[in-house]
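S.K.: Just need the structure, nothing else, for what follows:
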Amino acid sequence: MELTDYVRLFIRRGWIAILVAIIAAGVAFGVSKLQTPVYSASTRLSVQPARADWGLSNTLKDLLRNYVANIQTHTTAQEVIDRAQLDMSTSDLLGKLFVSPDSSTFTIKIEARDTDPEVAYAIVDTVAKVFIDQRNAWNAKQDKRDRIDVVMLDSVYSLGYQQYKPKTQINTLAGGLFGLMVGVLVIFFLEWLEQGNIRTRDDVERLLGVTVLGQIPAHTGMHLDNEPSQSPKFVPDARRA
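M.R.: Below you'll find the predicted structure:
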């Protein structure tokens, strides 16, 4: 097919792709609205060595992963539940908790996700405070030059919360694009089904490879012998047949 054929095809049947895209976007929007929103709250902890020592700094990079593992234990989770008076098991809390280290900035990100933003706030804030208390207790037994201090960079309440899911706008856009793709496939499928039909003089010339000299118009009404009117007939150039 040439470019002009594609243009004519989408002018004639483009409404199919548009309709399918609108339906798919509407379904995605409706499904997103039916989902229960999940909110996310987070904060960052700064892990600071007591002195600017290259060896201590490199050791700290390795310790960050150990700190994350300690935070994500059932023991720490139980202490968080007791302090914040949360009505959940340690497994439930750990399923809502996400902790990741960043060795390039010596920070640990603590994030919690829950259908109630206040619960997400409480988990993050309490986890951070429990871990800081644990590190302070450890530092009390160390020489001042070997201590590693942990501080909360920002209060979780000052950072606010975000809706983690559903992403209604993104889902709606993705649904519309998917529907558009499906609509285009439907258009080409319908065109493939009708590729043997002759509708225009261009179809005749392309199928037979000859030039159409004229067209016999369709009769209107009924013939004298009561035969029904027929569709137009194309007269090809016999000299090129």
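
S.K.: ranges for the strands of the chain?
M.R.: For the chain, the strands defined by DSSP state E cover 38-49, 97-102, 107-114, 148-152, 161-165, 212-216, 233-236.

S.K.: Please identify the buried residues of the fourth one?
M.R.: Judged by neighbour count (16 or more other CB atoms under 10 Å), strand 148-152 contains these buried residues: I148, V150, M152. To be clear about C-beta, it is placed using only N, CA and C from the backbone, and glycine gets the same treatment.

S.K.: who does that strand touch, helix- and strand-wise?
M.R.: Where contact means 3 or more CB pairs under 8 Å, 6 or more residues apart in numbering; DSSP states H and E, strand 148-152 is packed against strand 38-49, helix 117-139.

S.K.: Poorly predicted segments of this protein, please.
M.R.: Where the chain drops to pLDDT under 70, the residues are 1-2, 5, 52-57, 194-241.

S.K.: In it, spot the helix with the most residues.
M.R.: helix 3-34 (DSSP state H).

S.K.: relative orientation of that helix and strand 161-165 in degrees?
M.R.: On the basis of axes from the mean of the first three to the mean of the last three CA atoms, to 10 degrees, helix 3-34 is oriented at 120 degrees to strand 161-165.

S.K.: quick thing: my sequence starts at 39, can you match it?
M.R.: All set: I'll call the first residue 39, so the last point we hit is now helix 41-72.

S.K.: Just the buried residues of helix 41-72, please?
M.R.: Across helix 41-72, burial judged by 16+ other CB under 10 Å covers R51, I54, A55, V58, A59, A62, A63, A66, F67, S70.

S.K.: Identify, from the buried residues of strand 186-190, the entry nearest to R82.
M.R.: M190 (7.7 Å; CB to CB).

S.K.: I'd like the distance between the nearest residue to the closest one once chain neighbours are set aside and L98.
M.R.: Of all residues not flanking M190 in the chain, A166 sits nearest, at 5.2 Å (CB to CB, 6 or more residues apart in numbering). The gap separating A166 from L98 is 18 Å, by CB to CB, to the nearest Å.

S.K.: ditto for S138
M.R.: Taking CB to CB, one finds S138 at 16 Å from L98.

S.K.: now T143
M.R.: Using CB to CB, one obtains 12 Å as the distance from T143 to L98.

S.K.: And those two? Which one has more around it.
M.R.: L98 (17 against 12; other CB atoms under 10 Å).

S.K.: looking at the sheet around the residue nearest to the more buried one when sequence neighbours are not counted, what are its partners?
M.R.: Distance criterion CB to CB, 6+ apart; nearest residue to L98, sequence neighbours excluded, is P87 at 5.5 Å. For P87, the beta-bridge partners are I186 (DSSP bridges).

S.K.: what about P87, how many neighbours?
M.R.: Neighbour count for P87, taken as other CB under 10 Å: 18.

S.K.: Output stretch 106-125 as PDB, restricted to C-alpha atoms.
M.R.: Taking Å, rounded to 0.1, in the frame of the first residue of the first chain, the C-alpha atoms of stretch 106-125 are listed here in PDB:
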ATOM      1  CA  VAL A 106      19.400  -2.100  56.600                       C
ATOM      2  CA  ALA A 107      19.300  -5.800  57.500                       C
ATOM      3  CA  ASN A 108      19.000  -4.900  61.200                       C
ATOM      4  CA  ILE A 109      16.100  -2.500  60.500                       C
ATOM      5  CA  GLN A 110      14.200  -5.200  58.600                       C
ATOM      6  CA  THR A 111      14.200  -7.800  61.400                       C
ATOM      7  CA  HIS A 112      11.200  -9.000  63.300                       C
ATOM      8  CA  THR A 113      12.800  -7.900  66.600                       C
ATOM      9  CA  THR A 114      13.000  -4.300  65.400                       C
ATOM     10  CA  ALA A 115       9.500  -4.600  63.900                       C
ATOM     11  CA  GLN A 116       8.100  -5.700  67.200                       C
ATOM     12  CA  GLU A 117       9.700  -2.800  69.000                       C
ATOM     13  CA  VAL A 118       8.200  -0.400  66.400                       C
ATOM     14  CA  ILE A 119       4.700  -2.000  66.900                       C
ATOM     15  CA  ASP A 120       4.900  -1.600  70.700                       C
ATOM     16  CA  ARG A 121       6.100   2.000  70.600                       C
ATOM     17  CA  ALA A 122       3.600   3.100  68.000                       C
ATOM     18  CA  GLN A 123       0.800   0.800  69.300                       C
ATOM     19  CA  LEU A 124       0.100  -0.500  65.800                       C
ATOM     20  CA  ASP A 125      -2.500  -3.200  65.300                       C
END
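
S.K.: That's all I had, so thanks and see you.
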